[in-house]
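Peer 1: Okay, here's the prediction I keep looking at, along with the sequence it came from:
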Amino acid sequence: MSRARQPPLVTGISPKEGAAWTKVTIRGENLGTGPADLIGLSICGHNCLLTAEWMSASKIVCRVGPAKDDKGEIIVTTKSGGLGTSTVSFKLLRPDRIGILDQSAVWVDELNYYDMRANRNKGISPLSLRPSNPLGIEIDKGKIPQKDMELTFPGMSGDFTSENFSSTWYLIENHAGSSFEQLKMAATNLKKQATKKNEGSLAYVKGGLSTFFEAQDALAAIHQRLESDGTERVEGSMTQRLENILNRASDTADTLFQEVLGRKDKADSTRNALNVLQRFKFLFNLPLNIERNIQKGDYDVVINDYEKAKSLFGNTEVPVFKKVYAEVETRIEALRSLLLEKLLQTPSTLHDQKRYIRYLSDLHAPGDPAWQCIYAQHKWILQLMLNCRDEFISGQRVGVGALDLEGDTRPSALGRLSHTTSLKRGGSLRSQRPSTWCFETPQQVQFVEKLSDVVIGQLPNFWKLWISYVNGSLFSETGEKSGQVEKSKKNARQRQNDFKKMIEELTNRLVKLIRGALLPATLPQGELSFYGGWEYKTDLSGAWLTQMIHIVRGCHEALSALEIPNDLLQVIQDLLLELRVHCLIMTLLHTTEDVKGLAEKEDWVVDNEGITSLPSQFEQCIIQMLQSLKEPLEIKPGEMNLLQLDQVQDQATELSVRIMKVFINCLQQLSTKTDEDIAASHNIAVDLSSPDRFASLQEGSSPTSEQRLLIVLSNCHYLERHTFLNLANHFEKHGFTGTEKITQVCVDAVRELDRKLFEAYIERRADPIAGSLEPGIYAGYFDWRDCQTPTGVRNYLKEALVNIITVHAEVFTVSKDLVPLVLSKIVESVADEMCRLMQCVSSFSKNGALQARLEICALRDAIATYLNTDSNESFKLALDALPQLHSGADKKLLEELLNKFKSSMQLQLTCFHPSSVQPVKR
């Protein structure tokens, strides 16, 4: 069911007072849905429905009838709302009746008199003016509707001056409530009036009877004289004399009444002039009123007055009216020019633009003001974008807030759109920045931010203006169909392609300006001079490029929220794709440079696992790089996955491998640094919290070249076992493909470096030890063929073991995991040298063979923990080169000497026992 409408409410009437039959305009609320809905209208108790003209739900025009109440309310009754109420009242003025011979200073309204003359060509008599109440009793109006009376008495009338007068109708209408006694009194009054009329006429005839006779005698005498004189007009004749007398009488009469008639004519002309001025004062005052209302900005009042004047006097032929109306048209033309100038002014709000367009439409301005406004806004936005670039290029821009739209005091567009686009996540297109931001931010970044402010601040209003132009709401807020609305829609259809080109030009200029600042290499050579000019500005890092991607995405999302077609925004999507690729590549390249600088941060401080902070710094550097690439690699709606593009994937993989190789190269450079380089940059510091660390690396001392090799070796092992695997997981989490290739290449590279460094260290440590064996064996002209009975292991072997113990301590100080690897190689080298030396001896004496076997067995048993297949084979060959022991005494002596050696070297040999290599507690 539909909801019932509210009852009518009258809130205003104009004029508020007047005589009967005054035309009034009633205003209010809910005054009906149409003419058929209006079923009642009374003013001061008088039914005015017959003269009512329904204009709208808020306006009714009618004439006030001769009500009996001097002041009363205005009551409107409708079918839809019922009986209404009123907040205003109307005062009925009752002018005094003035006879035709009474003097009066005002114009006399003769409508209050009834002319009873049957022949209006005759002279008027006072008796012909009858009173409006012929019965002479109180009038009591009945409540029977006029329509019912017309149906009851067809063809008749209640007006006693009418030819079809019906006394019954008159009595019902004027004396329905009168009593029978009153009606009898009325009949008596009518008889008296008829008697007085008859008596008055007879008395008039009786009183003038002698005059009639005298006139008849005079006429008879004139007739006789005329007959005797003849009928010809001759000088001195009766006829001539009579004519002269009549002429003199006429002249005398004219003289008597000329002044009176002249005053009457003058009064009539003055009255007519005043009446015209009063009646048409609206037109005569209109030019001045237009001027005043224009100065006050009341354009609606001006337009309403102009429409009224145009409907009344637009086609007038009266010269004075034409002259005044021409002046009105001149003022209106000036108003059209003023409104068009205001419409095309920039900047302006969408509300003002719509208002001015409606004004111009109501004033029937030539052309299409709405399209002129759209075109002007388009050119202004383009110029704003260029001005933004020029100010930054010319160096006038020093801070973020320096470039503002002239006269535009609105907040930043990025702030206004915080509830739309990407800001729905609760963030901001601009991240929080330190207080020194305006001095640190590159010019390109400031430019793109301000450019996005311009676009987001102006393009939405520009688009909404076009939408209003398309749907006709520029001319009607409610969308009602009218000539202007239909004309607007037709024009919009014809200019749709033109507007599409405007949007394309705006988005293309936005993209090209951003390309000129961030991706100049993607612009054609001919456009670099127009959109470029940033060659001498700071190169942007990946972090700044990420910020730019964030801003451009925000701009794209803000424009997409306006429901602009995607094909018009595709150029922004293409720019975003290239920006993301550029950001990815630049981030990888900058990370490569950062990794190169890690070598300078090596402090050579080893932890309990035998590694420095360098691998951790490298890993953190890569993780931070991947985290900074989170937004560029993020896939927004409508965007592509960068890492699924073959070219981008190959380039990213290549640069990632390059980063790994650069770090491996840093390790290699660190391993080959001279002592002077190390002393000039850093001092080594050892973790002294562990009592198991070897004391040779004291705090504040510089690492030797061999120690640096060991540290780098330890770092290489950690990279292979931990760092590269962790980084591979991080690469996969961030969507990188080809991680297996990256990991494999890196592992191969670090293994190659590990091999080279290991060989270099073994060469430095094993060669001196192995080289000292031969001089030690033959020291003091020792001869295997002529030697005394062995008494113990000679010193050269003990020195060799001490040297091996020194290497063990050096390696263990850095990394216990390297100890087996290093010592196995050194033992292998020593065993091989012993094998060579023994095989080079041509012959052994009994004592010489025993001495050699003692020393070989002592060396083998001391370093048994680190023997491998090759070293075992070397010791076996060395022993095979010696004569066999056949005597039990020799075997016993050998065993005793070995036990003696082990006992005397027990403390030194403890480090070679597996149980001595305990995990270092943190």
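Peer 2: Here it is on my side, so go on. As the structure is a prediction and not an experimental result, all values here were calculated from the model.
Peer 1: OK, contacts around residue 336?
Peer 2: Residues near residue 336 by C-beta atoms under 8 Å, 6 or more residues apart in numbering: 360, 363, 365. Just so you know, the C-beta spots here come from the backbone N, C-alpha and C atoms, and that holds for glycine as well.
Peer 1: hang on, I meant residue 758
Peer 2: Counting by C-beta under 8 Å, 6+ apart, residue 758 makes contact with 713, 821-822, 825.
Peer 1: and what of residue 491?
Peer 2: 368, 370-371, 469.
Peer 1: For ChimeraX, what selects the buried ones among these?
Peer 2: Applied in ChimeraX, the following selects the buried portion of those according to 16 or more other C-beta atoms under 10 Å:
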select :368,370,371,469
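Peer 1: which ones among the contacts of residue 491 are found in helices?
Peer 2: Counting by DSSP state H, the part of those found in helices is 370-371, 469.
Peer 1: Could you export those as JSON lines, including distance to residue 913 and pLDDT?
Peer 2: Formatted as JSON lines, the ones in helices among the contacts of residue 491 follow (distance: C-beta to C-beta, whole Å; pLDDT from 0 to 100):
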{"residue": "370", "distance to residue 913": "98", "pLDDT": "84"}
{"residue": "371", "distance to residue 913": "98", "pLDDT": "86"}
{"residue": "469", "distance to residue 913": "95", "pLDDT": "79"}
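Peer 1: Make TSV from the residues you listed and add distance to residue 646 to it.
Peer 2: Formatted as TSV, those follow (distance: C-beta to C-beta, whole Å):
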residue	distance to residue 646
370	50
371	48
469	46
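Peer 1: Closest to residue 808 out of those residues?
Peer 2: Nearest to residue 808 among these: residue 469, at 89.4 Å, using C-beta to C-beta.
Peer 1: My guess is that closest one contacts residue 369. True?
Peer 2: No - with contact defined as C-beta atoms under 8 Å, residue 469 does not count as touching residue 369 (10.5 Å).
Peer 1: Common neighbours of those two, please.
Peer 2: Going by C-beta under 8 Å, 6+ apart, no residue sits against residue 469 while also sitting against residue 369.
Peer 1: what's near enough to touch residue 343?
Peer 2: 353, 356-357, 360, 369, 372-373, 376.
Peer 1: quick one: which of the residues you listed is most hemmed in?
Peer 2: Counting neighbours by other C-beta atoms under 10 Å, the top entry in those is residue 357, with 28 neighbours.
Peer 1: Correct me if wrong: that residue contacts residue 374.
Peer 2: No - under the criterion of C-beta under 8 Å, residue 357 makes no contact with residue 374, lying 9.9 Å away.
Peer 1: pretty sure residue 10 is in a strand, no?
Peer 2: Yes - assessed by DSSP: H, G, I helix; E, B strand; the rest coil, residue 10 belongs to a strand.
Peer 1: Which strand or helix spans the nearest residue in space to residue 312 that is not next to it in sequence?
Peer 2: Spatially, and ignoring its direct neighbours in sequence, residue 312 is nearest to residue 283 (7.3 Å; C-beta to C-beta, 6 or more residues apart in numbering). Counting by DSSP states H and E, the element that carries residue 283 is helix 281-296.
Peer 1: Show me which parts of that helix are buried, residue by residue.
Peer 2: Buried residues in helix 281-296, defined by neighbour count with 16+ other C-beta under 10 Å: 283, 286-287, 289-290, 293-294.
Peer 1: Identify the bridge partners of residue 27.
Peer 2: Beta bridges link residue 27 to residue 12, residue 59, judged by DSSP bridges.
Peer 1: List the contacts of it.
Peer 2: Each residue near residue 27 by C-beta under 8 Å, 6+ apart is listed here: 10-14, 58-59.
Peer 1: from those, which would you call buried?
Peer 2: Neighbour-count burial (16+ other C-beta under 10 Å) is assigned, among the contacts of residue 27, to 10, 13.
Peer 1: Save the contacts of residue 27 as a markdown table, and put in distance to residue 755 and pLDDT too.
Peer 2: Converted to a markdown table, the contacts of residue 27 look like this (distance: C-beta to C-beta, whole Å; pLDDT from 0 to 100):
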| residue | distance to residue 755 | pLDDT |
| --- | --- | --- |
| 10 | 106 | 94 |
| 11 | 101 | 93 |
| 12 | 104 | 93 |
| 13 | 109 | 93 |
| 14 | 108 | 91 |
| 58 | 98 | 91 |
| 59 | 102 | 93 |
